[in-house]
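S.K.: Okay, sequence plus prediction incoming.
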Amino acid sequence: MVQADEVGERQQEQVSALVFHVGRELRTALDRRLTSHGLTSQQAALLLLSRLLREPNPIRMAARLGTDTAGMTRLVDRLESKGLVFRKTSPGDRRSIVIALGPKSRHLLPRLIPAFRQVESGLLDGFDAREVRELNGMLRRLLKNARRLNR
């Protein structure tokens, strides 16, 4: 006979495995749509995030992009070599840098957003508005719990 605790543990393992697989499938779907632009999903996300943030500091952006400071340096280096971004001194703190969008990114950015929207739309196919709200709430709780694990 299976104990209730064992079932609970199996369900928790399944949730973490499913979240991991969903993340991997999402990145793959985005990467496929972005290859024609010569970008990975992480590079495209950095460009979009740089546009949205008032002061796009690479250290603060790293966690949102799922990388560390060394990975962020390589990511910015790649985009800089393509002429899509450049580093500049932060106006608020001359000891740090911010990411600025290069001239080539202005033409590229409007073409990136549809790829992200298309993937999200496909991901949520068959969900109604209530289910999407509930899923968002549960995923935010999972993210909060996962962050707490890393303290």
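M.R.: Looks like it came in fine.

S.K.: which residues does residue 59 contact?
M.R.: Contact criterion C-beta atoms under 8 Å, 6 or more residues apart in numbering gives 69, 72, 96 as the residues in contact with residue 59. Any C-beta I mention is one placed from the backbone N, CA and C, and that applies to glycine too.

S.K.: Highest neighbour count among those residues?
M.R.: Greatest neighbour count in the contacts of residue 59, by other C-beta atoms under 10 Å, goes to residue 72: 20 neighbours.

S.K.: Next one: it from residue 46, what distance?
M.R.: In this structure, residue 72 lies at 8 Å from residue 46, with C-beta to C-beta, to the nearest Å as the measure.

S.K.: Residues that sit against both of the two, list them.
M.R.: Each of 61, 65 lies in contact with both residue 72 and residue 46 under the rule C-beta under 8 Å, 6+ apart.

S.K.: picking that back up, for the contacts of residue 59, give me a markdown table that also has secondary structure, distance to residue 84 and pLDDT.
M.R.: Compiled in a markdown table, the contacts of residue 59 are given as follows (DSSP: H, G, I helix; E, B strand; the rest coil; distance: C-beta to C-beta, whole Å; pLDDT from 0 to 100):
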| residue | secondary structure | distance to residue 84 | pLDDT |
| --- | --- | --- | --- |
| 69 | helix | 20 | 90 |
| 72 | helix | 15 | 94 |
| 96 | coil | 21 | 88 |
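
S.K.: So which of the residues you listed is the closest to residue 128?
M.R.: When the contacts of residue 59 are ranked by distance to residue 128 (C-beta to C-beta), residue 72 comes first, at 37.6 Å.

S.K.: Does that closest one touch residue 63 like I think?
M.R.: No: at 9.5 Å, residue 72 and residue 63 do not qualify as touching, with contact defined as C-beta atoms under 8 Å.
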